[in-house]
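S.K.: Got a predicted structure plus its sequence, pasted below:
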Amino acid sequence: MAMMLWNFAATRSISKAAQEFRETELKASGIKSVSVEFDRIKEEVAGLGEKAGLVEAIDSRIDVANILAEISFLIDRTIVVRKIDFIAEKFADSKATKNSSAVRMVTGKSGGENAELYGTGDVRFKVIINGVASDAGDVAALICKLEDSPYFRQVYPLFSRNSQVKAAGFPGGDSNTEFEVSCYLANYNEEITVANKL
């Protein structure tokens, strides 16, 4: 009788232990699957972080619509614009610092190994305006307006020449002035060291 009672108690104890072991296995399996999912999400977040960093690095942060609006405001009806180019240029021997509405300068390692490939880094934007004016005086007036505008700096005429452009309703008639003007967006500050000045 004692042996039967002991056998019954032992069987019950083993059954209970086996059930607890199965429950522990199920919990461990659940924890493992959660851990695997966590690792997958962590890798995905890291990948998205890298992509976001790349997008941020190549974002010029310039408002092209505002710049074009300023140019159209400055240009008279006696000028027809053929082309406007925005060219990102690296800074040569000076240090550039951003201004509140400026291009965000990418410095240090944030550009990464692909900095040259994607055109990131410390850049300033050159604007080249190509067009036709009714006469050379209109080109000179445009240059003065660009120099007075808070949007632009370092305004230089690249060329200006007489041209025989025929356009219906254009004020200059058959004899006009072809021109090209270069300037930089005034959205950065340059700190030039004494060594650079020498």
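M.R.: That came through, no problem.
S.K.: Could you identify the longest helix within the chain?
M.R.: Using DSSP state H to define each element, the chain has its longest helix at helix 2-58.
S.K.: Return the mean pLDDT over that helix, rounded to an integer.
M.R.: Here helix 2-58 scores 80 as its mean pLDDT.
S.K.: what does stretch 148-164 give?
M.R.: Mean pLDDT, stretch 148-164: 88.
S.K.: go on, stretch 90-109?
M.R.: According to the model, stretch 90-109 has a mean pLDDT of 46.
S.K.: And the closest residue to F125 other than its chain neighbours, how close does it get to P150?
M.R.: If you skip the residues right next to it in sequence, F125 has L185 as its closest partner in space, 4.5 Å away by Cβ to Cβ, 6 or more residues apart in numbering. C-beta: built from backbone N, CA, C; applies to glycine. Per Cβ to Cβ, to the nearest Å, L185 is found 11 Å from P150.
S.K.: who's more crowded, these two?
M.R.: Comparing L185 with P150 by neighbour count (other Cβ atoms under 10 Å), the higher total belongs to L185, at 19 against 9.
S.K.: any idea of the pLDDT on that one?
M.R.: 89.
S.K.: residue contacts, it?
M.R.: Contacts here follow Cβ atoms under 8 Å, 6 or more residues apart in numbering; on that basis L185 touches I62, I67, V103, R124, F125, V127, Y151, F152, R153.
S.K.: from the residues you listed, which is closest to C144?
M.R.: F152 (11.4 Å; Cβ to Cβ).
S.K.: Isn't that closest one up against S182?
M.R.: No. No contact is recorded between F152 and S182 when judged using Cβ atoms under 8 Å, the distance being 10.1 Å.
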